[in-house]
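Visitor: quick one: sequence and predicted model below, then my questions.
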Amino acid sequence: MVAAGRGERLGEGRPKAFVDIGGRPLVWHALRAASAAARVTHVVVVAPDGMEDDPALAGAAAVVPGGSTRQHSVANGLAALPADTEAVLVHDAARCLAPPELFDAVAADVLAGHDAVIPGLPVVDTLKVVDAAGMVTATPDRAALRAVQTPQGFGRGVLERAHAAAVERGDVDAPDDGVLVERLGLAVHVVAGHADAFKVTRPQDLLLASAVLARRAA
Ligand code: CTP
Ligand code: MG
């Protein structure tokens, strides 16, 4: 679980994973969901420098320091997995309300034999490809597009190879882990995402997250 980002776009003046919704930090909610998943046995949290002992991380099996990019943070977490780990889920703490069922569905698909499994939802906006001058150069068919989420699941060896190859190529800031497996030339399977697995990125996302929590409590 990567939680070491700065949260610049949220603009709360502290690492995003430690911003509260419903009186608890995002990473606390994310840890609770991961721990409630039947197939999740060992959670490694990648935390910002100096936050490793924060009580919000008490449910983690291990806490390791983050890197300068998300990709580096994932690599730090991978290096801390127990030796006998066969499958790994990579999750953004910022997707703090992704439900346990989503972790289990992704894990089940990895255990069924897929090298890489990512949850995705149909996109609601029409997307345009634009050039540097702001001119539209293409309109991709929306039916073929998915907005992807985490947790993303992998065979442990596959993900380690994907990260090692990225380092060799000089990639330092991949947008997600799925793309690193694509670049190995391996297949990536998309399963149904979940509306609650949205990423808290901008201030209005905190409003939505609070509303989802309140609805769950009602
Ligand atoms: N992340 C991380 N280490 C980094 C950068 C990001 O562990 N160096 C984590 C974040 O904590 C988050 C996830 O990766 O859970 C997705 O990143 P993002 O939404 O971009 O979070 P931030 O980088 O914190 O936000 P921003 O880009 O607005 O600064
Ligand atoms: Mg970021």
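Guide: Looks like it came in fine. Numbers count the residues shown, from 1 in each chain. Ligands and ions are numbered 1, 2, ... in the order given.
Visitor: OK, contacts around the closest residue to ligand 1 within the chain?
Guide: The minimum distance from the chain to ligand 1, using C-beta to the nearest ligand atom, falls at residue 5 (2.1 Å). Backbone N, C-alpha and C define where each C-beta goes, glycine included. Contact analysis of residue 5 by C-beta atoms under 8 Å, 6 or more residues apart in numbering lists 15-17, 48, 66, 70, 73, 94.
Visitor: ligand 1 next: which of those are close?
Guide: By C-beta under 6 Å from any ligand atom, the members of the contacts of residue 5 lying near ligand 1 are 16-17, 66, 70, 73, 94.
Visitor: weed out the non-buried ones from those.
Guide: In the ones next to ligand 1 among the contacts of residue 5, burial by neighbour count holds for 16-17, 66, 70, 73, 94, counting by 16 or more other C-beta atoms under 10 Å.
Visitor: ok so, going back, specify which member of the contacts of residue 5 is nearest to residue 162.
Guide: Nearest to residue 162 among the contacts of residue 5: residue 70, at 13.9 Å, using C-beta to C-beta.
Visitor: per-residue confidence at the nearest residue to that closest one once chain neighbours are set aside?
Guide: Spatial nearest neighbour of residue 70, chain neighbours left out: residue 2 (6.0 Å); criterion: C-beta to C-beta, 6 or more residues apart in numbering. For residue 2, the pLDDT comes out at 98.
Visitor: next, count neighbours for residue 2.
Guide: Burial of residue 2 is recorded as 27 neighbouring residues (other C-beta atoms under 10 Å).
Visitor: show the contacting residues for it.
Guide: Per C-beta under 8 Å, 6+ apart, neighbours of residue 2: 46, 66, 70, 73-74, 77, 90-93.
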